[in-house]
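Undergrad: model the following, please.
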Amino acid sequence: MRQSRWVILILLSSLLCLIAYGLSVIDWVQDMQTGVYSQNRLEGFLETSAQVSYLYFAIRFLRSHINIS
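TA: Numbers count the residues shown, from 1 in each chain. Sure thing, here's the model as predicted:
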């Protein structure tokens, strides 16, 4: 029973992180389309850096935990 709680907790937290990442990508695309980043370059740099670094670490994590042969 205790192990199944951990599995459910990990699955729910993973789902919440995926939803949060999706929402941040949607926000990033909308900001690119409306030109927010041309007005505030620091915000654009920081948000783009966060998106790229999250994607980089996600790919590293998947490569280390999933063997595709």
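
Undergrad: other residues contacting stretch 37-50?
TA: 24, 27-28, 31, 36 (CB atoms under 8 Å, 6 or more residues apart in numbering). (C-beta placed from N, C-alpha, C; glycine too.)

Undergrad: from those, which has minimum pLDDT?
TA: Least confident of those in the model: residue 36, at 89.

Undergrad: that one - how many residues pack around it?
TA: Here the count is done by other CB atoms under 10 Å, and residue 36 has 15 residues near it.

Undergrad: what's near enough to touch the residue nearest the centre of the chain?
TA: The chain has residue 21 as the residue nearest its centroid, 3.5 Å off, counting by CA atoms, centre = their mean. By CB under 8 Å, 6+ apart, the contact set of residue 21 is residue 54.

Undergrad: helix or strand for it, just tell me which one.
TA: helix 2-34 (DSSP states H and E).

Undergrad: and that helix, how far from the chain's centre?
TA: Distance of helix 2-34 from the chain centroid (CA atoms, centre = their mean, to the nearest Å) equals 7 Å.

Undergrad: mind listing what's buried in that helix?
TA: 28, 31 (16 or more other CB atoms under 10 Å).

Undergrad: okay, residue 5: pLDDT?
TA: Looking at residue 5, the pLDDT reads 89.

Undergrad: let me fix that, I meant to ask about residue 69.
TA: At residue 69, the model reports a pLDDT of 57.

Undergrad: ok, residue 56 next?
TA: For residue 56, the predicted pLDDT is 94.

Undergrad: picking that back up, ok, so of the contacts of stretch 37-50, who is nearest residue 1?
TA: residue 24 (35.0 Å; CB to CB).

Undergrad: contacts only, for that closest one.
TA: 47, 50-51.

Undergrad: which of the residues you listed has the most neighbours?
TA: Counting neighbours by other CB under 10 Å, residue 47 leads the contacts of residue 24 with 18 neighbours.

Undergrad: that residue: helix or strand, and which one exactly?
TA: Short version, using DSSP H and E: residue 47 is in helix 41-65.

Undergrad: for that helix, buried residues please.
TA: Applying 16+ other CB under 10 Å to helix 41-65 flags 44, 47 as buried.
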